[in-house]
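Student: okay, sequence plus prediction incoming.
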Amino acid sequence: MERREFVMATAMGSVGVGTGQIPLGGSMPNSETSSTPETAPVSRSAAAGRKILIAGGGYNTAFIRYMAQLTGKSRPKLVYLPTASADSPAGTIAWFKNCAPLNVEASVQNSFIESLSQKQSWEEVLLSVDGIVCSGGNTLNQQAIWKAQGIDVVLRRAWDQGIVLGGASAGSLCWFDEGTTDSRPKELTIVKCLGFLKGSHSPHYDAEAGRRPLYHKLIGSGQMQPGYACDNDAGLYFEDNEIKRIVSARAGARCYHVTTENGKVVEHVLQPDTIS
């Protein structure tokens, strides 16, 4: 659903369910704070390869702008995949609002669909865009639905083809081997995910009190692989499995590499560049 169609549908009341060593690479140019116009594409060499841009929470206009630049297109096509939120209309409205200031072609692809109105395959939709943003929500349910529908396979093809992937919360956790989730009753638990990015992940590191101690406990005990934690509004840009840039849209928001050294859990602070 395109932005204009969504606004019209909203007005008509018809929108709903349907449609150790830290492997750091060189920093990317901080195009958000440069004098380069927002519509100017980055170089094709910068646009090559497999790319994922995540945030611990809050995939707002700053992160969407950065994703748009990473595509190398002057007006990229970006699609929102809100599976984890059960295709929440509120999340979709927020998506279009966050995209409104940007020179992008924004759309949404729901997962709770039926064939009478869904006339394109997952491949036709998800492989025809320049960037895919996955919503927050229930990661466990997201993974189950993706696997049942074959969306997980299509997302792998998108990554291999150089389509930029990203998201926050469930939309950041989903790309890793595993991580901590609130998708089950009563307590935070481990969830297994797509495994595009190796290791583990913990989102909402500064926003939810139980995240840091559980992440340390699981990594320290060997139940979970070492990995990366992100505060809300802070994130990591990966090319393949190498971090190319650490970013933040809020002062004080940071990312962390959590591992073990000599049998003890060690947390390395990763200082970010500011994006806006």
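Tutor: On my side now, so go ahead. Residues are numbered from 1 along each chain as shown.
Student: tell me the spacing between the spatially most central residue of the chain and residue 132.
Tutor: For the chain, the residue nearest the mean C-alpha position is residue 167 (1.8 Å; CA atoms, centre = their mean). Using CB to CB, to the nearest Å, one obtains 8 Å as the distance from residue 167 to residue 132. For the C-beta atoms, the positions are set from N, CA and C on the backbone; glycine is no exception.
Student: same question, residue 180
Tutor: Using CB to CB, we find residue 180 at a distance of 23 Å from residue 132.
Student: for residue 276, same thing?
Tutor: Here the criterion is CB to CB. By it, residue 276 lies 23 Å from residue 132.
Student: of the two, which one has the most company?
Tutor: Legend: neighbour count by other CB atoms under 10 Å for residue 276 and residue 132, higher for residue 132 (26 against 12).
Student: that one bridge partners, please.
Tutor: Residue 132 forms beta bridges with residue 79, residue 165, as assigned by DSSP bridges.
Student: i'd like the first residue to be 24 from this point on
Tutor: OK, 24 is where the count begins now, so the last one is residue 155.
Student: so who does it touch?
Tutor: 101, 102, 104, 149, 178, 181, 186, 187, 188, 189 (CB atoms under 8 Å, 6 or more residues apart in numbering).
Student: how about the strands in the protein?
Tutor: Under the criterion DSSP state E, strands of the chain are mapped to 74-78, 100-104, 128-131, 154-157, 187-191, 199-204, 212-215, 220-225, 250-253, 257-262, 265-271, 278-284, 287-293, 296-297.
Student: select, out of those, the one closest to residue 243.
Tutor: strand 287-293 (4.4 Å; CB to CB).
Student: give me the residues contacting that closest one.
Tutor: Outside strand 287-293, the residues that touch it by CB under 8 Å, 6+ apart are 45, 47, 239, 242-243, 251-252, 259, 266, 269, 277-283.
Student: filter those residues to the buried ones?
Tutor: Using 16 or more other CB atoms under 10 Å as the burial test, these include 239, 242-243, 251-252, 259, 266, 269, 277-282 as buried.
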